[in-house]
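K.L.:
I'll drop the sequence and a predicted model, then ask my questions.
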Amino acid sequence: MTPVFVDPDLTRVGFAKNILESAGISCFVQNENTRSLGVSVMGFSNPALLDPALFVTDETQVEAAKELLRDHFATGAATAAEWTCPACKESNPSSFDECWKCQTAKPQ
Ligand SMILES: [Zn+2]
């Protein structure tokens, strides 16, 4: 079975799970609790093997799930850096110091 998403941060894996579930893709998380145990108690030399991993129940949905997550995490990062013009409500990239549409200065 192939994980569709692996991240040492369980919060991000849980977030990915929510995305898939809201898109109607059934999925589950493995290694939810094993990571810290594996590293500290069992002395695993490769903690990456124990990172929380997200799997889809239906293998035929693996590609769809990966694409969904890729899109989501890509646009999610871009959206976070954007700012909204207080005058015209247009979204601007973080690198812009004034609104591309109405030239209002970026709010502090
Ligand atoms: Zn504007």
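P.N.:
Ah, there it is.

K.L.:
distance across stretch 22-30, terminal residue to terminal residue?
P.N.:
Taking Cα to Cα, to the nearest Å, stretch 22-30 runs 19 Å from one end to the other.

K.L.:
gap between the lengthiest helix in the chain and the chain center?
P.N.:
In the chain, taking DSSP state H as the definition, the longest helix is helix 62-81. Averaging C-alpha positions (Cα atoms, centre = their mean, to the nearest Å) puts helix 62-81 7 Å from its chain's average.

K.L.:
list the buried residues in the helix or strand where Lys17 lies.
P.N.:
Per DSSP states H and E, Lys17 falls inside helix 10-22. By neighbour count on 16 or more other Cβ atoms under 10 Å, the buried set for helix 10-22 is Leu10, Val13, Phe15, Ala16, Lys17, Ile19, Leu20. C-beta: built from backbone N, CA, C; applies to glycine.

K.L.:
can I get the residues you listed in JSON lines including pLDDT and distance to Cys99?
P.N.:
Shown next, in JSON lines, are those (pLDDT from 0 to 100; distance: Cβ to Cβ, whole Å):
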{"residue": "Leu10", "pLDDT": "88", "distance to Cys99": "38"}
{"residue": "Val13", "pLDDT": "93", "distance to Cys99": "36"}
{"residue": "Phe15", "pLDDT": "92", "distance to Cys99": "30"}
{"residue": "Ala16", "pLDDT": "94", "distance to Cys99": "33"}
{"residue": "Lys17", "pLDDT": "96", "distance to Cys99": "37"}
{"residue": "Ile19", "pLDDT": "93", "distance to Cys99": "30"}
{"residue": "Leu20", "pLDDT": "96", "distance to Cys99": "35"}
